[in-house]
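> Below is the sequence, then the predicted model.
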Amino acid sequence: MMGSLTTLLCLTLAAATPADHALDPFEAAETVRMFTFDQEKDRTLDKLPQPTDWSRRRGPLFPEYVEAFIDPIDAPSDYDGQRSLQFTLNGGQATYYSPAIRIATDHSYGLEAKIRTAGLVHDAAFISLSFLNYKRQRIERHLSQAVMGTHAEFQTVRVGPFNPKPEFKFVVIGCHLMAGAKMDIHGDAWFDDIRLVSLPLVTISTHNNQHYFLEGERIQIEASVSGRDAGRKHQLVLELETAEAETSGGDSEIKWIKRERRADDKDLNNSGEHTYKWDLSELTHNDETLLKKGFYRVRATFKRDDVSILQKLTTFAVMERARPGSHGNFGWSLTEGAGEMDVPELAEVAAQGGVNWVKYPLWTDKGVAGMNDSADVTQLVERLTRKDIKLVGLLNHPPKSLMDKFAEDFTGSAIGKIFNMPNDFWYPSLEPVIASYSFRVRHWQLGDESDKSFVGMKRLPQVVDSIKQEFDRVGRNVQIGVHWDWTQPLPQGETLPNSFLSLNTDPTPNDAQLQQHLERTAATGIPRWVLIKPLSTDHQLNERAADLVRRMMVAQLGGADAVFAYNPFDPEFGLLYPDGSPTELFLPWRTTALALQESTFLGKFQMPNNSPNVVFAKPGEVLMVIWNDQPTTEKIYLGENVEITDLFGRTRPAEVIELRQTIDRKSTQARRQQVLQVGPVPIIVRKCSEPVARFRLAMQFQRKRVPSEFGEHQEMITGTNTFGQGITVSSDLKYSDKWNVEQLRTPLTLSPNEAFQLPVSLSFPRGAGIGDLSATVDFNISADREYHFTVHRPYTLGLGKVKLDVNYHVERKHGHAILVVEQIITNITEPLEILNFNCNLLIPGRRRQKRSVVKLGRGEDRKFYRILNADSLIGEEISLRAVQVDGKRFLNKSWTVEDRPPVETP
């Protein structure tokens, strides 16, 4: 039945949160079956009471000498139960299964229980919920979180709730005490208050179960509800949220725009299944369609008697179709396969996700959940190849028969143990993989992204070479790689030819550490593939998106040969949900990967307000990624058709202002500038003029600093004609402190790629402060058109051989405020000069205070000034001036006084 919908006039703007507040569905759930082991009549086997109608698993791994029985509970004082199901270890494992319980497919089902453990180091206790068909064959099984160690109180564990498939007719509950990589000899586990619950069944999806749309495509949301309780009030609220990177007014953060829709209560209070449809094409915001490019999530909240009891979520992305590029460095590491996606969908999403590499398990045990069969994998290889995506075969799930030949502590993260054996040990199980894929797949990785068994292996070159020889019998020029810890020294490339290292950045290095490590290890000559694990969902979306983009960019800058996203299906760090729908990080990854695809690093612009940025060139375009820890406005000329792209793929023309600059008494000149609102979340500035960008980066000062000595100093502005044709160029150098600048005013004529030098003479005023300054050069260039723009460059007054530093604080004693100023002059001249200075502290409206520095050799001289009535100086600017006696040096420092307390010394 189709329900009617009433639109709510509800449009709000809310800050992004690290994770949605999830409803607790178990609080409002109906109990289907409860097992407390308190009142039932228990049967007795071998003099130990057993739960009625439950069955114990038996077999070599589940020996009967592991005691399992109902026992009076040694419970905490706050626990009401009297008896529980207890497992007592003596080596081995134990499992008990409940009787089959019939279910209905118009409800969803969940399971919760209380578990207490004692003395478990390697073993773990957990519950399971299995769904069976009408033949009582298990179709699906879900496990709770595990409980280990020793707990004085019972721990609550949960499974689900899950929506049953049409073929599900029964459920069976399992209580398990299972060994890990090693087995405990002693330990106990107790299970109690096992509760099977049911809830109304709510589903939500797009009308065709699609999660990726082109801009302008029709998108309709469908929500279905069944299993409602007769005689109770029900409501269904649908809420659409879209993430937007707001950058207006210098504010840069990701926010959510929300829309709500509510189903008609009359339909919900009738019996049967109801489906509600919401055509999103009708939605607008600020007179524009709401469904522009971006990330969207739709939440269905089901209410019973005005209380929200259940939420379901679906997500989708609206984007432009990605054009394939064959030389990208970005990829996904799908260590556990395709999740719930089918092969055609995975290949298409990967192609639209901005990736050129996919790691995928090709050596798998047929019993491993989530792995596709060989026909699907062959189809995946073919589809990825057609989309210019290189497949990397992961050898990370060896057959169980091979692992069983090792000691019981063998895990899938120790593949090195297998390949360190003679070839005839592992080759028979790998031969079908080599025969099927090695003629198409050139890159293979031994183990997954957590496998450290190859790090420090003495025979690593011999092991890799032996494996390569086997693959090369069918394939050509196969490359064999291994996982490597980025904190450990890398092997040299000549010892591992035709190989690569997958660097797991865990613990996560900061941006500078990652770039330095990549640059430092480039000399090894071995390809380095960087694995990036995004921040978890515990962090704000602003922080997660910014961190992901910067690390992708830093890996590219550092020279990584490939950059992979850690397990895109991971629930905490991933880019995708198991069904292939996007998480909130999918579009930031995609936008950045597509922007940097086939790009090369050009350099970094000096921005007026010092915002960090990186400039890349790619065929037909120059782009800049820019951000700032603080909201900042940058004004700079980058070209005529500049566009801004946010991390969700939304593009808009850059704001442009036009400034009139006076040339002489009779004329002015228009200088256009883009206005960029910059903040912690990076933006991508597209379609920058390549000649202007390269000219900016080429322009430099020859000396970059002058000594803090009176008189005239010589400097040279250097650069290159990057406009691809003959040009005329003139310049005007300016400093912030009213320096006197003598420079050539006659325009230069330059041929393509011709270098130029513009000599200038500088002298600074007596009040100029030493240290870093701001210098600007206004350029007027006549090429294919007239260009007028300003280049910013840092400049330094002083050679750093003689420095003036100032510390100060406000000292409060006996009701008096005293400003204490510490003057530090440092002499590191070479060859050594003996220095004398006359020093003056200049205070507005007060008599200057004087100090003398006499015969300062190598090292520091410290002097102190004390000024009464410090409160009257708060907010005032004061200056310290040191003039060299019989010399040319002139040192200045100015600052605005703050109410700064003394620094406490330990």
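Looks like it came in fine.

> can you tell me which helix in the chain is longest?
Longest helix in the chain, counting residues (DSSP state H): helix 541-557.

> who's in contact with it?
The contact list for helix 541-557 (C-beta atoms under 8 Å, 6 or more residues apart in numbering) reads 16-18, 243, 253-254, 329-330, 505, 511, 514-515, 518, 530, 532, 534-535, 537, 539, 563, 584-585, 588-589, 592-593, 596, 599, 601, 614, 625, 627, 647, 680-682. Where you see a C-beta, it was placed from the backbone N, CA and C, and this is true even at glycine.

> Now do it: distance to the chain's middle.
Distance of helix 541-557 from the chain centroid (C-alpha atoms, centre = their mean, to the nearest Å) equals 6 Å.

> The residue lying closest to Gln352 once chain neighbours are set aside: what secondary structure?
Spatial nearest neighbour of Gln352, chain neighbours left out: Ala322 (5.1 Å); criterion: C-beta to C-beta, 6 or more residues apart in numbering. Using DSSP: H, G, I helix; E, B strand; the rest coil, the structure places Ala322 in coil.

> and Ala322, what does it touch?
Ala351, Gln352, Gly353, Gly354, Arg590, Leu594.

> you'd agree the fifth one is in a helix?
Yes: residue assignment for Arg590, taken from three-state DSSP, places it within a helix.

> hmm, back to that, so which of the contacts of helix 541-557 sit within helices?
Those of the contacts of helix 541-557 lying in helices (DSSP H): Asp511, Leu514, Gln515, Leu518, Pro588, Trp589, Thr592, Ala593, Leu596.

> Tell me who's in contact with the closest residue to the fourth one other than its chain neighbours.
The one in question is Leu518. Excluding the flanking residues, the one nearest Leu518 by C-beta to C-beta, 6+ apart is Gly558, at 2.9 Å. For Gly558, the contacting residues are Leu514, Gln515, Gln516, His517, Leu518, Glu519, Val530, by C-beta under 8 Å, 6+ apart.

> if we go to 6 Å?
Gln515, Leu518, Glu519 (C-beta atoms under 6 Å, 6 or more residues apart in numbering).

> Tabulate these (CSV), appending pLDDT, distance to Gln155 and neighbour count.
As requested, those are exported to CSV (pLDDT from 0 to 100; distance: C-beta to C-beta, whole Å; neighbours: other C-beta atoms under 10 Å):
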residue, pLDDT, distance to Gln155, neighbour count
Gln515, 88, 44, 20
Leu518, 90, 43, 22
Glu519, 89, 48, 12
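
> Out of these, which is nearest to Ala347?
Taking C-beta to C-beta as the measure, Leu518 is the one of the contacts of Gly558 closest to Ala347, at 30.0 Å.

> got the residue ranges for the helices in the protein?
265-268, 343-352, 374-386, 400-403, 415-419, 423-437, 460-472, 511-521, 541-557, 586-596, 690-698.

> okay if I get these as JSON lines plus distance to Arg218?
JSON lines is the format used below for those (distance: least, C-beta to C-beta, whole Å):
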{"stretch": "helix 265-268", "distance to Arg218": "24"}
{"stretch": "helix 343-352", "distance to Arg218": "19"}
{"stretch": "helix 374-386", "distance to Arg218": "26"}
{"stretch": "helix 400-403", "distance to Arg218": "48"}
{"stretch": "helix 415-419", "distance to Arg218": "48"}
{"stretch": "helix 423-437", "distance to Arg218": "40"}
{"stretch": "helix 460-472", "distance to Arg218": "48"}
{"stretch": "helix 511-521", "distance to Arg218": "42"}
{"stretch": "helix 541-557", "distance to Arg218": "28"}
{"stretch": "helix 586-596", "distance to Arg218": "20"}
{"stretch": "helix 690-698", "distance to Arg218": "39"}
